[in-house]
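**Student:** Model the following, please.
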Amino acid sequence: MANKSEKSFGGLGALSEEMDTLFESIFGLRHPVLEAKGIWHPPLDVIETETEYVVSIDIAGIRQEDVRLTYEAGLLIVRGIRREIDYGPERHFHIMEIDCGPFERRIKLPKAVDSEAIEATYKDGILEVRLEKKSEPSEETVIIEVE
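**Tutor:** Residues are numbered from 1 along each chain as shown. The predicted structure is shown next:
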């Protein structure tokens with residue numbers, strides 16, 4: 001279920017998304033400024049049907065209360081944090097591939113959605129967000145609760 005919220009920082013999200021796309025397409029890398037700050041990008045799938053968009057994000061090991069979703073004017077923003085695994089005081093990594101710390105994904109949707117009918121569920125490490133298509137775009141910002 002979606003709740004109304006105050007407006008976010010406007011065009012900054014779009015700029016960040018464009019920079020991510022540019023660096024990934026040219027260098028095969030994520031945005032280096034974001035990486036330097038320790039923000040990682042979980043993998044996702046976006047599927048479109050006749051009536052809705054379905055966004056599935058792989059955030060295994062993250063507590064539901066550590067995830068925040070917002071939607072504003074065609075942009076779905078997923079933020080959260082994966083807390084570091086406590087391996088104890090004496091540890092020596094041979095391989096370290098599990099990203100920890102804050103993450104963020106910004107998904108620009110090509111058509112308007114009904115901001116009051118957005119549903120999000122989290123099961124088996126996959127966050128699924130269902131966004132029903134709508135003919136009229138909405139400019140309001142909503143916070144989406146994860147079930």
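**Student:** Any idea how far apart the tips of stretch 99-116 sit?
**Tutor:** Start and end residues of stretch 99-116 are separated by 32 Å (C-alpha to C-alpha, to the nearest Å).
**Student:** Quick check: buried residues in that stretch?
**Tutor:** By neighbour count, and taking 16 or more other C-beta atoms under 10 Å as the criterion, the buried residues in stretch 99-116 are 103-107, 109, 112-113, 115. C-beta coordinates here come from the backbone N, C-alpha and C atoms, glycine included.
**Student:** For that stretch, what does the pLDDT average out to?
**Tutor:** Across stretch 99-116, the average pLDDT comes to 92.
**Student:** How about stretch 49-56?
**Tutor:** Computed over stretch 49-56, the average pLDDT equals 96.
**Student:** Need the residues that contact it.
**Tutor:** Applying C-beta atoms under 8 Å, 6 or more residues apart in numbering, the external contacts of stretch 49-56 come out as 44-48, 76, 78, 107, 109, 113, 126-133.
**Student:** Could I get the CA-only coordinates of that stretch as CSV?
**Tutor:** C-alpha atoms of stretch 49-56 as CSV (Å, rounded to 0.1, in the frame of the first residue of the first chain):
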residue,chain,number,x,y,z
THR,A,49,2.7,-7.0,-19.1
GLU,A,50,-0.4,-5.4,-20.6
THR,A,51,-1.6,-4.1,-17.3
GLU,A,52,1.5,-3.7,-15.1
TYR,A,53,5.3,-3.5,-14.5
VAL,A,54,6.9,-6.1,-12.2
VAL,A,55,10.3,-5.2,-10.7
SER,A,56,12.2,-8.0,-9.0
